[in-house]
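Colleague: Sequence and predicted structure, then a few things I'm wondering about:
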Amino acid sequence: MKKEIICLGHTLTLHASSGDYDLLEGVTLPQVPGPPPHHHTRYHELFYVLDGQLEFLVDGQPVPVPAGESIDLPPNTVHTFSNVGAVPCRWLNVHSPKGFRAFFEEFGIEAAREGAFAASVDAQVIQQVVERASSFDMHLAQS
């Protein structure tokens, strides 16, 4: 079973998994930034870029990840990403162990809803993410 949402400006298809991991497919439009820089204390995170290119910021260092390549982010690694290119980027994301899907379900807007993209980046949603991210093991980096 899968579910399509828009979360913080990214179209996400959440896939059910029988293993101890969460799996989603994402599409990030050109020039759309990722979440605030953050780390997880218990989740390992992997991104595999299918089309386009994402640029990650990992512990303060830029890391380009083009189509056909992946990036593995162990716990306690401060990271974010963005699509700095001119075309949409499609990617797979895995969190292990299972559990981070709850963040996307909490803050995601049903993709079929009119105005879903704008609603997903509304200032109130962003403020809720900032206030509640740590309860999902998403610890925002100090600026």
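Modeller: Now that the structure is in, tell me what you want to look at. Residues are numbered from 1 along each chain as shown.
Colleague: With only the CA atoms kept, save stretch 47-59 in CSV.
Modeller: Coordinates of each C-alpha in stretch 47-59 appear next as CSV, following Å, rounded to 0.1, in the frame of the first residue of the first chain:
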residue,chain,number,x,y,z
PHE,A,47,19.1,8.4,-0.5
TYR,A,48,19.4,7.0,-4.1
VAL,A,49,18.9,9.5,-6.9
LEU,A,50,16.9,8.1,-9.8
ASP,A,51,16.7,11.2,-12.0
GLY,A,52,18.3,14.6,-11.8
GLN,A,53,20.7,15.6,-9.0
LEU,A,54,20.4,16.5,-5.4
GLU,A,55,23.0,18.6,-3.6
PHE,A,56,23.4,17.5,0.0
LEU,A,57,25.0,19.5,2.8
VAL,A,58,26.6,16.9,5.1
ASP,A,59,28.3,18.1,8.3
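Colleague: Please tell me I have it right and Val32 contacts Ser82.
Modeller: Yes - counting by Cβ atoms under 8 Å, Val32 does reach Ser82; the two are 6.7 Å apart. From N, CA and C alone the C-beta is placed, and that goes for glycine too.
Colleague: In terms of pLDDT, where does the closest residue to Asp51 other than its chain neighbours sit?
Modeller: Leaving aside its sequence neighbours, Asp51 sits nearest to Arg90 (Cβ to Cβ, 6 or more residues apart in numbering; 4.3 Å). For Arg90, the pLDDT comes out at 98.
Colleague: Name the residues of the helix or strand hosting Arg90 that are buried.
Modeller: Following DSSP states H and E, one finds Arg90 within strand 89-96. The neighbour-count check on strand 89-96 (16 or more other Cβ atoms under 10 Å) flags Cys89, Arg90, Trp91, Leu92, Asn93, Val94, His95, Ser96 as buried.
Colleague: Where does the residue in the chain sticking out farthest from the centre fall, secondary structure wise?
Modeller: Of all residues in the chain, Glu114 has its C-alpha farthest from the mean position, at 21.6 Å, by Cα atoms, centre = their mean. Here Glu114, judged by DSSP H and E, is contained in no helix and no strand.
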